[in-house]
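Asks: Next come a sequence and a model predicted from it.
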Amino acid sequence: MSRRRVVITGLGVVSPLGLTVGEFWQGLLEGRCGIGVIGAFDASAFPCRLAGEVPEYKIRDYVPKSYRKATKLMSRDIELSVIAADEAFKNAGVTTKASDSGSLTFDPTRLAISFGAGLISCDLNELAACAATSVTDGKFDLRKWGAEGMENLTPLWLLKYLPNMLPCHVGIIHDIQGPSNTITCGEVSSHIAIAEAAEMIQRGDADAAVGGGAEAKVNPIVMLRQCLLGRSTTQSNETPKAACRPFDAAAAGAVFGEAGGAIVLEELTSAQRRNAPILAEFAGAASGNSLNADLRHLEPDGTGLAMTIEAALAEANITPEEIDLIIPTGTAILQDDRAEATALERVFGNALDTIDVWAVKGMTSHTGAAAGVLETAAAIYAAAEDKIGPSRNAERSAEGCRLKLTQNVVEKPVRNVLCCGYSFGGQTAAIIIKKFEA
Amino acid sequence: MKHRVVITGMGVVCPLGHSADQLWNGLMSGQSGADYTTLFDASTFPTQFDAEVKGFDLSRCVQRYDLHKDGNRGTQFALGACVQACRQAGIDIETDAPTDGINRQRMGIYLGAGEGPVNFEPFFEALIGGWDEQARQVNWPRWTQVALSGLSAQNELEQEPNMPAAHLALLTGARGVTRSCLTACAASTQAVGEAAMLIRHGKAEIMIAGGAHSMIHPLGVTGFNRLTALSTRNDSPQTASRPFSATRDGFVIGEGGAVVILETLESARKRGATILAEVIGFGSSNDAFRVTDMHDQARGACQALRAAIKDADLTIEDIDYISTHGTSTVENDAVETLAIKTVFGQQAYNVPCSSPKSQMGHLIAATGCAELITCVKAIHEQTLPPTMNLNDPDPKLDLDYVPNAPRKAAVEIALNESFGFGGQNNVVIIKRYHEDSEG
C-alpha cells in the first residue's frame, strides 16, 4: 500500500502582523514589521523592551455562543489557538460543530489534532494579588498561603495554564474526537505538531487533522526569561522596526512575540472528493537533536540541524537541489544564526548560491512554540502563489552566513520549500512543503 | 512496510524505588510510596502528604553529572530511568564513540514530560516586591528589578518541558526523531504510543520513550488542591490512594521518571537484545466534551480503548489484564469503570483491572510509562499488581479490581490506559514476546 498523501487545505494565523492569515501573508510580502515597544505591561525596566504583539481582539467573536462561558478558562495562549483554528477550518471550507448550520464535513472521530504549546505562565497580577495576602514581615509566608492565601485563587486556576488545554479547547469547539496530542518541544513545538498531524493521517488514524501551535510570550516572566538567557537584543529599544536582524552583520539578539497558527491537513482523496482548495502538499518532516552542553545554543558546527534537514529531504524523497526556498529559523542570535548557516551549507553546499533564503523573524518576531506554524504557513503560500517576500533587516550578511537572503519580493516557481527550526534545549526540526500537483 | 515494535529495556525512578524491580517488589509487598510532604512546608495546605521519590542521587548514576546537575527533579528522574533502560537494552551512554552498533541518527526520543517547578523563593519575592497594594496590581519596573537579581537563567531554562528530552539526548547521543509532549496525566502513555508508531512506520529504529514530572511544589499542589483533585486524608497518607473504593476522595500526587527502550524487532534481533515484550496497539482520542469534566458516557475513553484494540487486531476476549488510570478521584474511577463496561460488555467482569497508583501515587506526566513497566512485569511474573486500600468497595463499581493482594494469573496481553485532564485519552497494548512468533 502506498503512503496516503497529505495536503493542506486551510490556514489560520493570528500574529503581530494581524488577526488573519491574509494580513499575515500581505504583511510578509510588504516586509512589514510587527515588532514594537511592549504594550501589554510596563517593560521600561527590561533590558529588552520590545515584542511582537497581536492586535486587539475579542475572543467571544471566535467562539460559538454555546461555549462562550468557557472563555473564562482561556489563557491568552488558548485564545490564540482558538482564533487560529477557527480561521483555518473556515479557510478550508470545513464545517464543524462550531458552524451554525450545514452538515459536518468529517466524522468527528476521524478528525485529529496535534498542537504545539509553550511553557504557559499564569497571570502574574492574579497570583500576586493572592500572594499579597500571605506575607509576614515583608516576606512570602508559605504557611499563610496554605491556610488562607490559596483560597483566593479561582478553583479552576490550574486549568487555564496546562499546555494541553490548547488542543482541548479547540477540540471541544470543533468536536475533534480522534487522536489528540500537545507537543511541548520549545521553539520547534509547532513544527513537530504539524508533522505529527500529518502522520496521524498517513497512518490511517484520521482523514483530516489540525496541526499548529500557539504561544502568548508577551508575559513578564516569559519575556524576562529570554532576557536572563541573553537571547533578547538589548541594543534597539529605540528602533524596534530595525531590532531583529537575522543573519545580519549587526544581529544583536532575538525579539520575542506572540502568535497562533493552525493548518488543516487532509488526506488527498478526501480533499479531492469535496473539491477543497488544495494549497500545497505536505512532503516530509524530521526532528532530531543538537548536542551542545550549553543548552541555550546550537552546536557551532550545526551537525544536528544538518542531520535533521537531510532526514526530512530523504522522507520527502527530494534532493537538496530541488529546494527552491528555505525559510530558516533565523533568530538573530548571531552565534545561532552562524550555526544554522553552517548547517545549511553542509546540506546544500554550492546549491546555496542559488536557493532563496527568506528569514521572516525581522517581521514576525520569534513567537516560540508558534514559530514553526507561522513559517510553514509562509512556505505554503509561497508554494501556492510562487511568491517570496523580503528578509527584513537582513541587509548585510554576517560573517559565516553565506545565504542568498531575499531583499525584495521574488516571483518565481516555488516547487519545494524547506522550513527548519531549532529550540533552546537542542531539539531540531524540518518540514518540506511541496507545490501541489495532482 | 510495517515493523514490529518490541521493548528491550526499562527503567524507573518513582516513590516505590529506583528500578523496575524495586517498583515491582514494592507493589508485590503492599508498600505505599505516600507520606507527609518533605519537599516544602505543606503543614497548612489542604493536602499535607504526597508520594515523593526518596534518596535518589543522580550523581551516582552518571559520570558527567556536571552536564545534568541543574536539571529539574523530573529531568533527574528521567535520566536515572534512562540509564537503567539503556543498560538493560545494551545501549552505550555518555560516550562519543559508542560500540553498540546503533546508528544514532536512527535512535530518537519521545518523552511525555512536565514543566519543572518555579524557582519558588525569588519568584514570590519578586511578586511581593512588585505588588502595589493601592493600584491592586504589580508595579512591573519594581518587579523587574527584584526578578532580574533573584532569578537564575539556568534554572529558568530548566523549567521548560522540553528539557528532560534535551538531557536524555546529551546522555545517549540520540540524533533521530525527537519529540516531547504534555497531555497532562496521559503524557507518557501517549509518548510511548506515538514512539511505537514512529518505529512501526520506519521513522526510527530505536526510541527512548517515557515520561518525567514532579508537581510536588507549592504551586503544583495549590493548583490541584484548588481543583479539589487531591485526597485530603491527612491522618492516613498510606491509605489515601484508594481507587475504586466508596471512600475515595482524590489522588495522591507523586513524581518520577520512567523510560522504555522501543525498537524494531529486526534491530533487537540483530543486536541480540533481550526482548521484554511487544507493543502491539495504540489508541488516542479526544473527549471534546468539557475541560472540567470527563465525558459522562466515557465517550473519549471508549474511543481510545476501541482504537487500541483495533490497532492491535485483537478482540476484547484477548485482553488478560487492564492497568487502569485508577486515580482514586470520584469522577475518574466511575467514568473509567463505565468505559471498560461499555467496551467489554459482559466480558468486563472477566478482565482483572487494577491501579498501581494505589501504592505508587500519581506521577502525572510520568505515570503512564511507569504503569506500562508494571504491565511488562505482570507478563513476566504472571502476577497482577493489586489495587490496595480497597476495603470499602463502591457498590456501583463492581469490576474485578484485584483488591488488596497480588494475584497469580495467566497474562499474555496487557492493556494500559491513561486519561488526561481536558480529555486527552491514550491506550497502549503490549504482548508477551515469543521467540518463534512470526506475528
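Replies: Received, thanks.

Asks: Stretch B:26-45 close to chain A?
Replies: Yes: using CB under 8 Å from any CB of the partner chain, stretch B:26-45 reaches chain A at B:40, B:41, B:42, B:43, B:44, B:45. C-betas here are computed from N, CA, C, even on glycine.

Asks: Contacts only, for the first one.
Replies: Contacts here follow CB atoms under 8 Å, 6 or more residues apart in numbering or on different chains; on that basis residue B:40 touches A:142, B:120, B:216, B:217, B:218.

Asks: and if you look at the second one?
Replies: Taking CB under 8 Å, 6+ apart as the contact definition, residue B:41 lies against A:142, A:143, A:146.

Asks: The residue of the stretch 101-250 of chain B at minimum distance from chain A: helix or strand, and which one exactly?
Replies: As assessed by CB to the nearest CB, chain A sits closest to residue B:223 within the stretch 101-250 of chain B, at 3.2 Å. Taking DSSP states H and E as the criterion, residue B:223 maps to helix B:218-226.

Asks: For chain B, give me the ranges with low pLDDT.
Replies: Low-confidence segments of chain B (pLDDT under 70): B:436-439.

Asks: From the centroid of it, which residue is nearest?
Replies: residue B:367 (2.1 Å; CA atoms, centre = their mean).

Asks: any idea whether the nearest residue to that one once chain neighbours are set aside is helix, strand or coil?
Replies: Computed as CB to CB, 6 or more residues apart in numbering or on different chains, the closest residue to residue B:367 that is not its neighbour in sequence is residue B:185, at 6.3 Å. Following DSSP: H, G, I helix; E, B strand; the rest coil, residue B:185 is assigned to helix.

Asks: thought residue B:185 was touching residue B:418?
Replies: Yes: the criterion here is CB atoms under 8 Å, and residue B:185 meets it with residue B:418 at 6.1 Å.

Asks: Those two: which is more packed in?
Replies: Shown here are residue B:185 and residue B:418; by other CB atoms under 10 Å in any protein chain shown, residue B:418 has more neighbours (33 against 28).

Asks: For the stretch 301-439 of chain B, which residues are neighbours of chain A?
Replies: So the stretch 301-439 of chain B meets chain A at B:303, B:307, B:420, B:421, B:422, B:423, B:424 (CB under 8 Å from any CB).

Asks: The residue of the stretch 301-439 of chain B found nearest chain A is in what secondary structure piece?
Replies: Residue of the stretch 301-439 of chain B nearest chain A, by CB to the nearest CB: residue B:422 (3.5 Å). For residue B:422, there is no helix or strand it lies in under DSSP H and E.

Asks: And the one 5 residues further on, by the same measure?
Replies: Under the criterion of DSSP H and E, residue B:427 resides in strand B:424-431.

Asks: what comes up buried for that strand?
Replies: Across strand B:424-431, burial judged by 16 or more other CB atoms under 10 Å in any protein chain shown covers B:424, B:425, B:426, B:427, B:428, B:429, B:430, B:431.

Asks: Also stretch B:222-239?
Replies: So stretch B:222-239, judged by 16+ other CB under 10 Å, has buried residues B:222-227, B:229-231, B:233, B:237-239.
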